[in-house]
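Novice: Requesting a structural model of the entry that follows:
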Amino acid sequence: MSAKKTIVCFAGGTSGDLVVAMIDSLDCGYEINDHRINLTKDRSGMKKPWMFKNADEKRNYITDTFEIYDSLPSHDIDFHIGEKSENVIGITCFDKVLRDKSASRFKNLHRSEVWDSLTKVTNTTTLDQYSNDILEVSKKLKNNFLTIDLSQIVGGNLLDLLHQMGFDITVKSGSLYEDWLTNPLNQTFPPSIT
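Specialist: Numbers count the residues shown, from 1 in each chain. Got it, this is the predicted structure:
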């Protein structure tokens with residue numbers, strides 16, 4: 001595990017859970033057939049920020065969950081900007097083709113209830129709209145936090161980037177990333193992105 005407590009902010013479909021698992025692989029699994037990183041529900045609360053009544057509940061959740069894990073996923077970018085959080089890494093995606101693939105991947109990897117929930121919370125109803133949402137999230141993250149672009153992740157550079165940021169990556173995490181990179185289902189991302 002890393003000694004740095006880190007929040008990974010991202011739009012769904014941009015491999016943020018992978019980065020969370022790379023920083024701290026505790027209780028993480030990789031579903032090779034679904035090409036998905038599985039995090040425990042207790043770790044994933046900030047992926048559904050509307051479930052909290054207020055900012056204090058979010059702060060308490062983060063504090064309590066950091067007692068167990070060194071990294072947490074979050075889709076609540078505005079909360080972390082407002083909190084002036086310094087322990088955030090944002091996952092961006094500026095390439096249009098890669099954003100479109102990410103939007104499609106997000107919809108295909110999740111139950112229909114997850115997509116329905118997204119459309120209710122964001123008023124996004126099409127993959128093209130979601131691709132544009134990913135762009136807007138990416139701009140916001142880039143303007144406020146240290147970021148890693150999805151093109152760097154699919155290009156095989158995540159280990160080096162995390163090392164440069166001061167993270168000690170375990171053998172388990174490194175193997176997880178190698179499995180993720182070499183999985184044929186990774187072909188949902190364009191192979192030319194490096």
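
Novice: So Ser173 versus Ser25, what's the distance?
Specialist: 5 Å (C-beta to C-beta, to the nearest Å). From N, CA and C alone the C-beta is placed, and that goes for glycine too.

Novice: right, and the helix or strand after the helix or strand of the chain with the lowest mean pLDDT?
Specialist: Here the helix or strand of the chain ranked lowest by mean pLDDT, DSSP states H and E is helix 112-122, holding a mean of 66. On the C-terminal side of helix 112-122, the nearest following helix or strand under DSSP states H and E is helix 127-144.

Novice: what comes up buried for that following helix?
Specialist: Of all the residues in helix 127-144, those buried under the rule 16 or more other C-beta atoms under 10 Å are Leu127, Tyr130, Ser131, Asn132, Asp133, Ile134, Leu135, Val137, Ser138, Lys140, Leu141, Asn144.

Novice: need the contact list for Ala103.
Specialist: Applying C-beta atoms under 8 Å, 6 or more residues apart in numbering to Ala103 gives the contacts Gly13, Leu127, Asp128, Tyr130, Ser131, Ile134.

Novice: what about 7 Å?
Specialist: Gly13, Leu127, Tyr130, Ser131, Ile134 (C-beta atoms under 7 Å, 6 or more residues apart in numbering).

Novice: Tell me how many other residues crowd Trp122.
Specialist: For the record, residue 122 is Thr, not Trp. A total of 11 residues lie near Thr122 under the criterion other C-beta atoms under 10 Å.

Novice: surely it meets Asp133?
Specialist: Yes. Judged on C-beta atoms under 7 Å, Thr122 makes contact with Asp133 at a distance of 6.4 Å.

Novice: of the contacts of Ala103, the lowest pLDDT goes to which?
Specialist: Within the contacts of Ala103, the minimum per-residue pLDDT falls on Leu127 (80).

Novice: What sits closest to it if chain neighbours are left out?
Specialist: Ala103 (4.7 Å; C-beta to C-beta, 6 or more residues apart in numbering).

Novice: State the phi and psi torsions of Ala11.
Specialist: phi -90, psi 140 (degrees, to the nearest 10).

Novice: actually Tyr30, not the one I typed
Specialist: phi -120, psi 120.

Novice: measure it to Lys142 for me?
Specialist: Where Lys142 is concerned, Tyr30 sits at a distance of 28 Å (C-beta to C-beta).

Novice: what does Asn108 give?
Specialist: Taken as C-beta to C-beta, the span from Asn108 to Lys142 is 26 Å.
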